[in-house]
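Asks: have a look at this fold, sequence not included:
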């Protein structure tokens, strides 16, 4: 988040799973319910992912009737990967669905350590045996460093990464090599989105990654209300100072939808 911007961050409720030490959450300030009479939902993920999220929201109270504008700020471009990239790998680390899809190779039962349920589902569908489903990269690393195993892992991911996952796992006793299989290429947000952002009506913006947050246009007059998948995504925001920010209680699509509901009305729940 750029200096001088104003953020209101919601406390994230606890979840079952490995207990990881986390900073104490900030207390959310009380906000009046957001008027939906002129609000628009702006989706900036790559088009296929935005369409899936928009379809999911149709069944959510208070969200399904919102007008939606899809305006990707980046495109996922598959990069060539050696066909033998998994040949001597004892397991794979996946931190996004894009990595599983871009790899495009059968898992053949190899163990996989994954971030997020959607990534784990994609890994299973590709033939991997999922050993761990972490909420985020920090939890994945914190869990794995407690039980290093022999053998080589590969962290399959994109060109733009955060968290130094492979390096930190290697330092903790794993042998983990980073492998790049896709790029997150910036794209112009489009005339329709520029017009929307230059208006005065409220705009709801789900933020699914630090990369998409950093690519958001820096100018606009519309009041922006952000639903960020994580604190890291909120901190990477490069757009105009938002009127309100909520952090998803879980770092996945359902969590972002819940954060959107809280933006509309603090009492709103799925």
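Replies: Sure thing, it's come through. For clarity, every value in this text was computed on a predicted model and none was experimentally measured.
Asks: which pLDDT value belongs to the spatially most central residue of the chain?
Replies: Centrality entry for the chain: nearest residue to the mean C-alpha point is residue 208, 3.5 Å, by Cα atoms, centre = their mean. At residue 208, the model reports a pLDDT of 94.
Asks: where do the strands sit along the protein?
Replies: Counting by DSSP state E, the chain has strands at residues 40-43, 68-70, 74-78, 91-94, 111-115, 129-134, 152-158, 175-186, 203-207, 224-228, 244-247.
Asks: low-confidence stretches in the stretch 1-150 of the chain?
Replies: 1-33 (pLDDT under 70).
Asks: all helices for it, in order.
Replies: 47-57, 97-103, 117-125, 137-144 (DSSP state H, counting those that start in this stretch).
Asks: which strands and helices lie in contact with the second one?
Replies: Put plainly, it is helix 97-103. Packing partners of helix 97-103 (3 or more Cβ pairs under 8 Å, 6 or more residues apart in numbering; DSSP states H and E): strand 74-78, helix 117-125, strand 152-158, strand 175-186. To be clear about C-beta, it is placed using only N, CA and C from the backbone, and glycine gets the same treatment.
Asks: rerun that using 7 Å as the cut-off
Replies: Under the contact definition 3 or more Cβ pairs under 7 Å, 6 or more residues apart in numbering; DSSP states H and E, helix 97-103 sits against helix 117-125, strand 152-158, strand 175-186.
Asks: how about these in TSV, adding mean neighbour count and distance to residue 94?
Replies: Converted to TSV, the helices and strands packed on helix 97-103 look like this (neighbours: other Cβ atoms under 10 Å; distance: least, Cβ to Cβ, whole Å):
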stretch	mean neighbour count	distance to residue 94
helix 117-125	19	5
strand 152-158	23	6
strand 175-186	18	10
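Asks: format the ones you listed as CSV; extra columns: distance to residue 167.
Replies: As requested, the helices and strands packed on helix 97-103 are exported to CSV (distance: least, Cβ to Cβ, whole Å):
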stretch, distance to residue 167
helix 117-125, 20
strand 152-158, 9
strand 175-186, 8
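Asks: mind checking how far residue 222 is from residue 240?
Replies: Per Cβ to Cβ, to the nearest Å, residue 222 is found 8 Å from residue 240.
Asks: of those two, who's got more company?
Replies: residue 222 (21 against 18; other Cβ atoms under 10 Å).
Asks: test my guess that that one contacts residue 201.
Replies: Yes. With contact defined as Cβ atoms under 7 Å, residue 222 and residue 201 form a contacting pair (6.2 Å).
Asks: pull up the overlap in contacts between these two.
Replies: Overlap of the contact sets of residue 222 and residue 201 (by Cβ atoms under 7 Å, 6 or more residues apart in numbering) is empty.
Asks: in TSV: the strands of the chain, plus distance to residue 164.
Replies: Formatted as TSV, those follow (distance: least, Cβ to Cβ, whole Å):
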stretch	distance to residue 164
strand 40-43	29
strand 68-70	32
strand 74-78	21
strand 91-94	12
strand 111-115	14
strand 129-134	16
strand 152-158	10
strand 175-186	9
strand 203-207	22
strand 224-228	21
strand 244-247	22
